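In: next input, structure requested:
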Amino acid sequence: MKRKYSLVCRKLPKYDDTKKFARYLKQQDISYSKAKKVSGMKMAEIWFEDEESRELGKEKLKDFEVKGVSIVVHDKKERKQNNNYKRTPPPRPDSIADVVTPWHKDSYEEQLEKKNMEMKNILRKSTLSLKRKSKYNVPQWVKDLNNKQICSYDNIVPSPTINFYRNKNEFTIGFNEEEELTIGFLLGAFRDGFLETANPFECPNISEGAQLIRASIQTILESMPDYKPYLKSTHKGFWRLLVVRTTESGDAMVTLQVNPEDISQEELENIKQELTTKVLESNLSNNLNIKSFNLQLHNGMSNAAEYDAPLELLYGEPYIIENMLGLNFRISPSSFFQVNTKAAELLYTIVGDWCGDMDENTIVLDICCGTGTIGLTLANRVKKIIGVEMVESAVTDAIQNAKDNNIENVEFVVGKAEDVLKGVIESLPKDAKIIGVVDPPRSGLHGKTIKAIRECNNISKIIYVSCKQTSLVNDMADFCRSESKKMVGRPFIPLRSTAVDLFPHTPHCELIVEMERIPEEIQEELPEAQEELPETNEINDNTENAEAPTPDANSNPENTN
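Out: Model (predicted):
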């Protein structure tokens, strides 16, 4: 059957599957050949034998409501032709501060209350996510929650510093409204037609030192008019990005990202020499305290370069040093380090406290360890710290950080956690007491990483630090779902959670969750591991395979702040 006659339905309950969707169609007495609704999406597709059946189905669904919401029905061609279905770009912001720090007009108490409400909502969503993933074997403790938040929550810990707190700023180099070279932030997303770069002088989260360096580098680039800012629309231009990292003591690291396309090696060398001379002069005359100046080459479409993109030190040291909780940490250009140092100290203190009783027999797995900050702050309380990190330069910094702080009971492994963690765990003593600390990127943990942790029953506790809580919802469900053929190992139970505000004036914060392994004696009372049923979302009246409906590319835009 050619699927020429189809309808797309939108605004459906996000987590309904095809079986539930089929019930709606049955309620409306709609005759169709095939339907598909993917759980996690708000859309579905229906296929019909002929145009007459499709039009009749469209008419019956026209005013149909699901859970109080009127669904939207159209065919694919109609969506492309009807401007009503196009994403409406947001209005032009009044100021760049409204883009970068959208909550800056609210009192700090109001900001904290909104974050508290959102974190509680995330914990409720985690309960629902866990129930869905344990569909055929829901743990009793999850049933007892009655869809309430998955664990207790302590109110958010405020940031000690509300303004000028960012120790890392990534400035776009572009053109302002007057088409003048400007180093700052884009007014909005490229896909919404925002091409201008605005001066960030009014953004309350940027330090005075970073603002001064930004202005000084802009003056230098203006003095080199033969080279223009990079434009994503044309993929032409030289200057791309300015990254300024600063420490509590005032030291600074500057990385300038450029597009090497259409530039000869000889010309590039001349540019390096001119830049180095001018930055050195500005550093001295303006008291910028730049300790490290680097040039990064990147010719990709966006400014988000790979972590191993070519990088050259033009002058100074290849790192700067930050002090945190009495330890010194080297920070390289591509190393991860929390952007709010004082708030990060509170975060790591809570992580250490929640690790609980640690002694000379405890091993801590610091997964996604960056420069080793969390693990090294715990080293004097345990037998050994093992850090896992995919960025080689960050591991180099972590090893040096251990040496600089005279810490010897640490080991760092380079590689993606999903590739190396299982081997690391297998190398540990069978009777080891292990605590896992995970601080993953925004995408969360890879499924293989979670499985490796689940399979090692010696890991008694997980402290999960989340910067993007929607990823935590998915990961926590996998840590806590019932044991099955696919997910081996006793599950975890979330005990408590709290948040730390590392990002005042924005909707973001860090959420910490403590998860503890279900005791073996309780596990023995649970049902035997079951073979999971296939997670199909398709009802099929014949043997043909249906393609999944294509998600709307604009339905879940990435946050650009």
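In: centre of the chain to the helix or strand that contains residue 412, how far?
Out: Secondary structure from DSSP states H and E places residue 412 in strand 410-414. How far strand 410-414 lies from its chain's middle: 23 Å, per CA atoms, centre = their mean, to the nearest Å.
In: could you do stretch 62-69 as well?
Out: With CA atoms, centre = their mean, you get 34 Å for stretch 62-69.
In: who touches that stretch?
Out: 11-13, 16, 24, 28, 70-71, 73 (CB atoms under 8 Å, 6 or more residues apart in numbering). In short, each C-beta sits where N, CA and C put it, glycine included.
In: quick one: which of the residues you listed is nearest residue 134?
Out: residue 16 (17.8 Å; CB to CB).
In: ok, that closest one - how many residues close by?
Out: Neighbour count of residue 16, defined by other CB atoms under 10 Å: 21.
In: quick one: it is in a strand?
Out: No. With DSSP: H, G, I helix; E, B strand; the rest coil as the criterion, residue 16 is coil rather than part of a strand.
In: so for it, what's the pLDDT?
Out: In this prediction, residue 16 carries a pLDDT score of 81.
In: which residues touch it?
Out: 37, 39, 66.
In: helix, strand or coil for the second one?
Out: Put simply, residue 39 is coil when judged by three-state DSSP.
In: hmm, back to that, tell me which other helices or strands the strand holding residue 412 touches.
Out: Packing partners of strand 410-414 (3 or more CB pairs under 8 Å, 6 or more residues apart in numbering; DSSP states H and E): strand 384-389, helix 392-404, helix 417-426.
In: mind checking which of those is nearest residue 231?
Out: The nearest among these, by CB to CB, is helix 392-404 at 29.7 Å.
In: and the angle from that closest one to strand 384-389?
Out: Following axes from the mean of the first three to the mean of the last three CA atoms, to 10 degrees, one obtains 160 degrees for the angle between helix 392-404 and strand 384-389.
In: report all helices and strands that helix 392-404 contacts.
Out: So helix 392-404, by 3+ CB pairs under 8 Å, 6+ apart, packs with strand 327-331, helix 373-378, strand 384-389, strand 410-414.
In: in JSON lines, list those along with mean pLDDT.
Out: Listed next are the helices and strands packed on helix 392-404 as JSON lines, based on pLDDT from 0 to 100:
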{"stretch": "strand 327-331", "mean pLDDT": "94"}
{"stretch": "helix 373-378", "mean pLDDT": "95"}
{"stretch": "strand 384-389", "mean pLDDT": "94"}
{"stretch": "strand 410-414", "mean pLDDT": "95"}
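In: just put the ones you listed in TSV and tack on mean neighbour count and distance to residue 337.
Out: Formatted as TSV, the helices and strands packed on helix 392-404 follow (neighbours: other CB atoms under 10 Å; distance: least, CB to CB, whole Å):
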stretch	mean neighbour count	distance to residue 337
strand 327-331	21	5
helix 373-378	26	7
strand 384-389	25	12
strand 410-414	19	16
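In: quickly, which of the helices and strands packed on strand 410-414 bottoms out on average pLDDT?
Out: Across the helices and strands packed on strand 410-414, helix 417-426 gives the lowest mean pLDDT, at a mean of 89.
In: go through that helix and flag the buried ones.
Out: 417-418, 420-422, 424-425 (16 or more other CB atoms under 10 Å).
In: please name the nearest non-neighbouring residue to the most centrally placed residue in the chain.
Out: By CA atoms, centre = their mean, the chain has its centre lying nearest to residue 442, at 1.5 Å. Distances taken as CB to CB, 6 or more residues apart in numbering place residue 468 nearest to residue 442, at 4.1 Å, with adjacent residues excluded.
In: what about that neighbour, how many neighbours?
Out: 16.
In: if we can go back for a sec, just the C-alphas of the strand holding residue 412, formatted as PDB.
Out: Extracted C-alpha coordinates of strand 410-414, given in PDB (Å, rounded to 0.1, in the frame of the first residue of the first chain):
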ATOM      1  CA  VAL A 410      44.200   9.200  42.600                       C
ATOM      2  CA  GLU A 411      44.100   7.800  39.100                       C
ATOM      3  CA  PHE A 412      42.600   9.300  36.000                       C
ATOM      4  CA  VAL A 413      41.500   7.500  32.900                       C
ATOM      5  CA  VAL A 414      41.100   9.200  29.500                       C
END
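In: now it against helix 392-404, angle please.
Out: Using the same axes, to 10 degrees: strand 410-414 against helix 392-404 is 170 degrees.
In: quick check: residue 222 touching residue 183?
Out: No. The criterion here is CB atoms under 8 Å, and residue 222 misses it with residue 183 at 9.8 Å.
In: of those two, give the one with the bigger neighbour count.
Out: residue 183 (25 against 12).
In: residues contacting that one?
Out: By CB under 8 Å, 6+ apart, the neighbours of residue 183 are 171-173, 197, 199, 214-215, 217-218, 221, 242.
In: okay, and the beta partners of it?
Out: residue 173 (DSSP bridges).
In: how much space is there between it and residue 343?
Out: 26 Å (CB to CB, to the nearest Å).
In: burial count for residue 59?
Out: 12.
In: and the helix or strand hosting it, what does it pack onto?
Out: Assessed by DSSP H and E, residue 59 sits inside helix 51-60. Helix 51-60 sits against strand 6-10, with contacts defined as 3+ CB pairs under 8 Å, 6+ apart.
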